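Undergrad: Provided below are the primary sequence and the corresponding predicted coordinates.
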Amino acid sequence: MTATTWLTLAGLGAFHGLNPAMGWLFAVARGLQERSRRVLLASLPPIALGHLVSVGVVAALVTATRSVAASTAVAVAGGVLLVGFGLWRLLSRRHFRWAGMRLSNAQLAGWSFLMSSAHGAGLMLLPVLLAEPVVGGGHAGHLAAAGALPGQAAAGALPGLAAAGVHTVAMFGVALAAAVVVYEVLGVGVLRRAWFNVDRLWAGVLVAAGVVTLVAAT
Amino acid sequence: MTRWTPDPSFYPSPREAAQAPAEKLAYVAAFDRAAERPDALAVLDTDPDSPEYGRVVGWTDLPHTGDELHHFGWNACSSALCPTAPHPHVERRYLIVPGLRSSRVHVYDTKPDPRAPKLVKVIEPGELAERAGYSRPHTVHCGPDGIYLSALGGAGDADGPGGIAILDHTTFDVRGAWEADRGPQHLAYDFWWHLNHDVLVTSEWGTPSMIEDGIVGELLLGRRYGHAIHFWDLARRRHVQRVDLGDAYQMPLELRPAHDPTQTYGFVGVVISVEDLSASIWLWHRDGEHRDGEAWAVTKVIDIPAEPADAADLPDLLKPFGAVPPLVTDIDLSVDDRFLYVSCWGTGELRQYDVSDPFHPVLTGSVRLGGIVRRTPHPGFPDEPLAGGPQMVEISRDGRRVYVSNSLYGSWDDQFYPDGVGAWLAKLDVDTEAGGLTPDARFFPRREEFRGLRVHQTRLQGGDASSDSYCFP
């Protein structure tokens, strides 16, 4: 992958990390509730882990599929999925529902996984992943033995996992910074002024990413 | 459509909410006891700089008659900022207005013209009954994941159990009953929560047959009205613990948990003790004797005695007792959790307690208005004896203004004030430093101002002390 690709992945990670709904705000709330910065800091790794799993599953599926299937078909399907999901996020009046504030670390990771998945965090990485040349130059049609397919797919998943990893490191870093700054310096009152409607922007980014993917594929 | 920045009336913490600007308007539920004319939402001007200050400046009739408006609430509030499922860009604009007698739930939009709320939806009793199994909807709270609506009765011919229904945040469709496991709970009335602790609390009044035709003496003396409060797991929707106040303490009604989300205490008012007609306030708190800290206990922290009276001055219901019960029918806790206001609807008194130490309340203020025997006039209008007493009490977010209306519940009004309860709504100014209450002579809408209807709950524009809950301390 090129430097631009890594930077883009990290940039999207930063965008996800900055979204209060993706977890840093929950970490702040837990810290304030227990009057403990330690609780705040301890809350972020499970949140990042949940995000990593959510994004990793999508990214690995995409790169693995591409390594064994015609990339145009994957790109078109991915683009259509993105546009559709983005529009649904933009227009739907439903929102993520969750009751319960007192969570174990495992539940917190689960919460983060569901939150990231419901927001389509992994899908947002699609155009970046689909723009990459296929690893190993493999063309499914040229494979002599069908038995080689699973191995090739597994190898093909690795770049996706690496992408999710880089993305999540950036997400974690920005979420950590946002949480600490709000907890230590700004106070939660800043939410009233600075909580820009990320969800709407987010949905717009999803649609745009889908369109870019579709255009690039054709 | 959602907003780009959070609704300015949402506050992350009670501390910030207490800095909120003063309300310009108040919404009041008004009902026709005769059920001949529609009930209405009356809109009061609460801006002291306005020429119409203290007057009814808006009036919206309901589409039907006989609803008996009672309590109501906002579609969204500060809990929208709670971090598990935040949706800070929805608007606080719809009033969810249940008819306690009709079981119809109305949704009014206050945005197009705040002085003329516009009906946008009616949830018919059938929908509430079919989807949730409930009737007689009462308390509305804007939860982090939906609108919670308590109900006193069951569906169809079922008198109970009452419980809580969940409405969708945006479509206002009835999603279903909230309870996954109600345990021994049967009677319902009010509810609220400790959001950050995943705790919901409910109280008990009576089933529809026990209340709709008036208070039933045999049931009261037989100690059959509610006398317990229930603790629930808010996340798992399961009953956790029933705490009995003792069957002499009939009707624990309004629940006022601390607004500070790190705290786990709250107050509940008990209408009457059948042993001496006194009223009482109880504190719920974690039971210190349980090492795991998960069990709940109650402690009686305020006792208000009955006042002796000449039987000739009493309504039939009370003649045998020769005393006026205080009848604590509503209480309200200021957003900073410092002052608790207690309505004594029978004796005609509003009390203010400093509850900085919740186990040891200190009486800091008292205002007399109305009362079964005293009929104390408003100091600004000394020639007008008042019927009814301070009943529904609402506090501004900054804690400086308190609003009280005078009707309890149609059939019960008629029993305790048989010569007519009238209609009035008073505003009191609070000394937030030393404590103390002063009636505002410029703000006293009454009688004809309410067009012959009785007045019940007040909701303040932008939120008030009993509308919002917070997830950040």
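TA: Structure received.

Undergrad: Please list the residues of chain A that sit near chain B.
TA: Counting by CB under 8 Å from any CB of the partner chain, the residues of chain A lying close to chain B are A:20-21, A:25-26, A:28-29, A:32-33, A:35, A:93-102, A:111, A:188-189, A:191-193, A:195-197, A:199-200. The way it works is simple: take the backbone N, C-alpha and C, and place the C-beta from them, glycine included.

Undergrad: In helices only, show me these.
TA: The helices, defined by DSSP state H, take in A:25, A:26, A:28, A:29, A:32, A:33, A:111, A:191, A:192, A:193, A:199, A:200 from the residues of chain A next to chain B.

Undergrad: Greatest separation within the residues you listed: which pair is it?
TA: A:33 and A:200 (29.0 Å; CB to CB).

Undergrad: Settle it for me: which of those two has more neighbours?
TA: residue A:33 (19 against 16; other CB atoms under 10 Å in any protein chain shown).

Undergrad: And the pLDDT at the more buried one?
TA: If you check residue A:33, the pLDDT there is 92.

Undergrad: List the residues that contact it.
TA: Counting by CB atoms under 8 Å, 6 or more residues apart in numbering or on different chains, residue A:33 makes contact with A:39, A:101, B:196, B:261, B:262, B:473.

Undergrad: Show the buried residues in those residues.
TA: With burial judged by 16 or more other CB atoms under 10 Å in any protein chain shown, the buried subset of those is A:101, B:196, B:261, B:473.

Undergrad: quick one: the helices in chain A?
TA: Applying DSSP H to chain A gives helices spanning A:3-18, A:24-34, A:37-68, A:71-91, A:105-118, A:126-131, A:148-181, A:190-194, A:198-217.

Undergrad: any chance of those in TSV, with distance to residue B:126 too?
TA: Output for these, formatted as TSV (distance: least, CB to CB, whole Å):
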stretch	distance to residue B:126
helix A:3-18	44
helix A:24-34	39
helix A:37-68	41
helix A:71-91	30
helix A:105-118	33
helix A:126-131	46
helix A:148-181	47
helix A:190-194	41
helix A:198-217	35
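
Undergrad: so what's residue 102 up against?
TA: Using chain A. B:196, B:197, B:198, B:235.

Undergrad: I was thinking of chain B, sorry if that wasn't clear
TA: Applying CB under 8 Å, 6+ apart to residue B:102 gives the contacts B:64, B:66, B:67, B:68, B:125.

Undergrad: what do you get if the cut-off is 6 Å, keeping everything else the same?
TA: B:66, B:67 (CB atoms under 6 Å, 6 or more residues apart in numbering or on different chains).

Undergrad: Can you classify it as helix, strand or coil?
TA: Using DSSP: H, G, I helix; E, B strand; the rest coil, the secondary structure recorded for residue B:102 is coil.

Undergrad: Just the closest residue of the stretch 101-250 of chain B to chain A, please.
TA: Of all residues in the stretch 101-250 of chain B, residue B:235 sits closest to chain A, at 3.0 Å by CB to the nearest CB.

Undergrad: Can you list phi and psi of that residue for me?
TA: phi -80, psi -40 (degrees, to the nearest 10).

Undergrad: Wait, it touches residue B:198, no?
TA: Yes: using CB atoms under 6 Å, residue B:235 is in contact with residue B:198, at 4.5 Å.

Undergrad: Quick check: neighbours shared by these two?
TA: Listed as contacting both residue B:235 and residue B:198 by CB under 6 Å, 6+ apart are residue A:100.

Undergrad: Pick out the lowest-pLDDT one from the contacts of residue A:33.
TA: When the contacts of residue A:33 are compared on pLDDT, residue A:101 comes out least confident, at 87.
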